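# Need a 3D model of the following:
(one chain, ligands or ions: 1)
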Amino acid sequence: TATQVFVKNPACVAYTYDDTIVMPGHISFSLGDVDISTKLTRNIELQVPFVSSPMDTVTEHKMAITMALQGGIGIIHSNMKAEDQATEVRRVKKFKNGFILDPVCLSPESTLEEVYRTKQSLGFSSFPVTDNGKMGGRLVGIISNRDTSFIEDPSVKVKEFMTSRDRLACAKDGVSLEEANKMLKESKKGKLPVVNEKDELVALIARTDLQKNRDNPRASKDSVNKQLLCGASIGTRPDDKIRAKLLVDAGVDVIVVDSSQGDSTYQIEMVQHLKSTHPEVDVIGGNVVTPSQAHHLIEAGVDGLRVGMGIGSICTTQEVCAVGRAQASAVYHVSKYARKFGIPIVADGGIKSTGHITKALCLGAGCVMMGSMLAGTDEAPGEYFYQDGVRLKRYRGMGSIEAMNQGGEKRYVWDTAKTAVKVAQGVSGAVTDKGTLQRYIPYLMQGVRHGLQDAGVKSLDDAREKLYSNRLRFEIRSPAAQKEGGVHGLHSYQKRLY
Ligand code: XMP
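Numbers count the residues shown, from 1 in each chain. Model (predicted):
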């Protein structure tokens, strides 16, 4: 009977990351020897297998820049006008390490009171002064703490107390970071303005940023211009072709066709369009959770696949639509199939710990895509707020009513009629403060290296080779085993990640 087939056929039982555990292997190499470099798509290689999700509470240019500097990549969400999304991509592609390209400027006519207000709301203390008070205006001076400390009258104008242009060391447009660093050291100043031949301000270099960003040896860069890699998502509607063109013109490296159920004629048509119109850009299709879905998108020409349906922390797709698959099984089955065609997969959603990342990679994924893990970092869009004494940031599903009302429904709603009833497939909530990605990503990387070392695998290729020859083994954990694998038996404890 159908029930017997269901019970007997192990493929009919699907497992989550928590259901599984990796068996230890033999360690014959040091932690530092574990290589986590990977492929995101057929043509894009990354030093770090982490991708930030195209969600409006996760990835805009700040997240994408830091993800790329840390060796991963960010996918800019599409819940904004196409032109704005292209601007976000351009900001990532034009990013120059250590150069602030849009510094806040003051006018010589501004008052000390305005300086204090700006300082307070932005949290920094030096401002270039330009003739029109804007970036791109002629540089007339700079204001720092030193200039304001002895002035008491709040109505005094900036031009009265700024350090004027003739006393400023400035760099010429085109200066390298190395030269700029040298000039900063010699001038013993905290900021170095960069001007063009008309003495107009084109950038500002901050000593503190230089120290932070000195080198990012892992940074993900394109091979042609050595600019940071950047991805962006689009939907499958006809006007998404125009969006894609704008993104390509802005220099996007990879387009993610974003759909909760990717096996559709709409997506196949979009993938074919992208591959024939913009062959220089890689395309990731999805989402899929079965080899047969993957097959249709591979036939359409995708360069990578995104795997996961209804398993994200903010998802209600499985509850509302009764369709989806437990993620560990989805990752295993799709990656095994896609490997035959040389197509890497991104395990998207459901990642709650470094252990989950290690499991996804050991199950065949090339990268993991994260939403909730990254939404509480400084680099995610939005402001922190306090609730019950805890510092939080908002995080919402793109299928939540809130996000859909702002245009995010593209991923979920196929009926475009104005009267169509919206059915939420996600929720909105908040996640705790995780601090800056500059500390968080190295922590995640090191956790994954520990996991791979314990499993006896030296690289992601090694993991896959051992997985498919049964030398990297998983076991299923009983509910009691899962309990045993977590903290237990303590009255109370403190959990610090790093
Ligand atoms: P995590 O678990 O990392 O998941 O927070 C992020 C992934 O979840 C997907 N996503 C959604 N899925 N309803 C869904 O069913 C939603 O509203 C929703 N929003 C995002 C998406 O794949 C993302 O990368």
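
# Okay, and the beta partners of the residue of the stretch 351-498 of the chain found nearest the ligand?
At 1.9 Å from the ligand, G426 is the closest residue in the stretch 351-498 of the chain, using Cβ to the nearest ligand atom. The C-beta positions use only the backbone N, C-alpha and C, and glycine is treated the same way. Taking DSSP bridges as the rule, G426 bridges to C315.

# and the residue most central in space within the chain, backbone torsions?
Nearest to the geometric centre of the chain sits S52, at 2.7 Å (Cα atoms, centre = their mean). Per-residue torsions, S52: phi -90, psi 140 (degrees, to the nearest 10).

# Skipping adjacent residues, who's closest to the residue of the stretch 101-250 of the chain found nearest the ligand in space?
The nearest approach of the stretch 101-250 of the chain to the ligand comes at S233, 9.5 Å away (Cβ to the nearest ligand atom). Excluding the flanking residues, the one nearest S233 by Cβ to Cβ, 6 or more residues apart in numbering is P54, at 3.6 Å.

# anything in whichever helix in the chain runs longest near the ligand?
The helix spanning the most residues in the chain, taking DSSP state H as the definition, is helix 437-454. No: using Cβ under 6 Å from any ligand atom, helix 437-454 stays clear of the ligand, with a minimum separation of 12.7 Å.

# Look at L392 and give its secondary structure.
State at L392, reduced to three classes by DSSP: H, G, I helix; E, B strand; the rest coil: strand.

# what do you get for G74?
Going by three-state DSSP: G74 is strand.

# For it, grab the count of nearby residues.
G74: 33 surrounding residues under other Cβ atoms under 10 Å.

# in terms of contact, does it touch E88 like I think?
No: G74 lies out of contact with E88 (Cβ atoms under 8 Å); the separation is 9.6 Å.

# any common contacting residues for these two?
By the contact definition Cβ atoms under 8 Å, 6 or more residues apart in numbering, G74 and E88 are jointly contacted by A64.

# Can you name the residues of the stretch 1-150 of the chain that neighbour the ligand?
S53, M55.

# Now do the helices in the stretch 1-150 of the chain.
2-8, 61-69, 82-93, 112-122, 145-148 (DSSP state H, counting those that start in this stretch).

# Same check on the stretch 301-450 of the chain?
Counting by DSSP H, counting those that start in this stretch, the helices of the stretch 301-450 of the chain are 317-321, 327-339, 354-362, 372-375, 401-405, 437-454.

# Out of those, which gets nearest to M183?
Judged by Cβ to Cβ, the one of those that comes nearest to M183 is helix 437-454, at 24.8 Å.

# So for P193, which of the helices of the stretch 301-450 of the chain sits nearest?
helix 437-454 (25.1 Å).

# Need the helices of the stretch 1-150 of the chain in JSON lines (columns: mean pLDDT).
Output for the helices of the stretch 1-150 of the chain, formatted as JSON lines (pLDDT from 0 to 100):
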{"stretch": "helix 2-8", "mean pLDDT": "52"}
{"stretch": "helix 61-69", "mean pLDDT": "96"}
{"stretch": "helix 82-93", "mean pLDDT": "94"}
{"stretch": "helix 112-122", "mean pLDDT": "81"}
{"stretch": "helix 145-148", "mean pLDDT": "82"}
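
# Can you tell me which of the ones you listed is most buried?
Ranked by mean neighbour count, those are led by helix 61-69 with a mean of 25 (mean count of other Cβ atoms under 10 Å).

# Residues touching that one, excluding its own?
50-52, 59, 73-76, 88-89, 91-92, 95, 97, 213, 216, 219-221, 228-231, 374, 377, 379-381, 436-438, 441.

# Quick check: which ranges of the stretch 301-450 of the chain have low pLDDT?
For the stretch 301-450 of the chain, the stretches with pLDDT under 70 are 408-410, 412-420.

# I'm curious whether stretch 354-362, anywhere along its length, sits up against the ligand.
No: Stretch 354-362 is not in contact with the ligand by Cβ under 6 Å from any ligand atom; minimum separation 9.3 Å.

# Now for the residue in the stretch 51-200 of the chain that the ligand sits nearest to, how many residues are close by?
Using Cβ to the nearest ligand atom, the single residue of the stretch 51-200 of the chain nearest to the ligand is S53, 3.4 Å away. Residues near S53, counting by other Cβ under 10 Å, number 28.

# Please list all residues in contact with V390.
T432, D433.

# how far is stretch 128-138 from where the chain is centred?
32 Å (Cα atoms, centre = their mean, to the nearest Å).

# That one: end-to-end distance?
10 Å (Cα to Cα, to the nearest Å).

# which of the residues in it are buried?
P128, V129, T130, D131, G133, M135, G137 (16 or more other Cβ atoms under 10 Å).

# Could you do stretch 74-81 as well?
For stretch 74-81, using 16+ other Cβ under 10 Å, the buried residues are G74, I75, I76, H77, S78, N79, M80.

# ok so, going back, go ahead and confirm the residue nearest to S233 touches I73.
No: if you go by Cβ under 8 Å, P54 and I73 don't touch, sitting 11.1 Å apart.

# shared neighbours of the two, anything?
G231.

# what's the distance between the residue nearest to S233 and G235?
To G235, P54 is 11 Å away according to Cβ to Cβ, to the nearest Å.

# go on, S126?
For S126, the distance to G235 equals 42 Å [Cβ to Cβ].

# ditto for G174
Counting by Cβ to Cβ - G174 and G235 are separated by 39 Å.

# Next: T277.
16 Å.

# Likewise for E465?
Relative to G235, E465 is positioned 37 Å away (Cβ to Cβ).

# Likewise for G397?
Using Cβ to Cβ, G397 is found at 16 Å from G235.

# Which residues of the stretch 351-498 of the chain lie near the ligand?
So the stretch 351-498 of the chain meets the ligand at I351, M369, M370, G371, S372, M373, G397, M398, G399, S400, Q425, G426 (Cβ under 6 Å from any ligand atom).

# Now tabulate these in CSV and tack on neighbour count.
Listed next are those as CSV, based on neighbours: other Cβ atoms under 10 Å:
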residue, neighbour count
I351, 28
M369, 35
M370, 26
G371, 27
S372, 21
M373, 24
G397, 28
M398, 32
G399, 26
S400, 24
Q425, 26
G426, 27
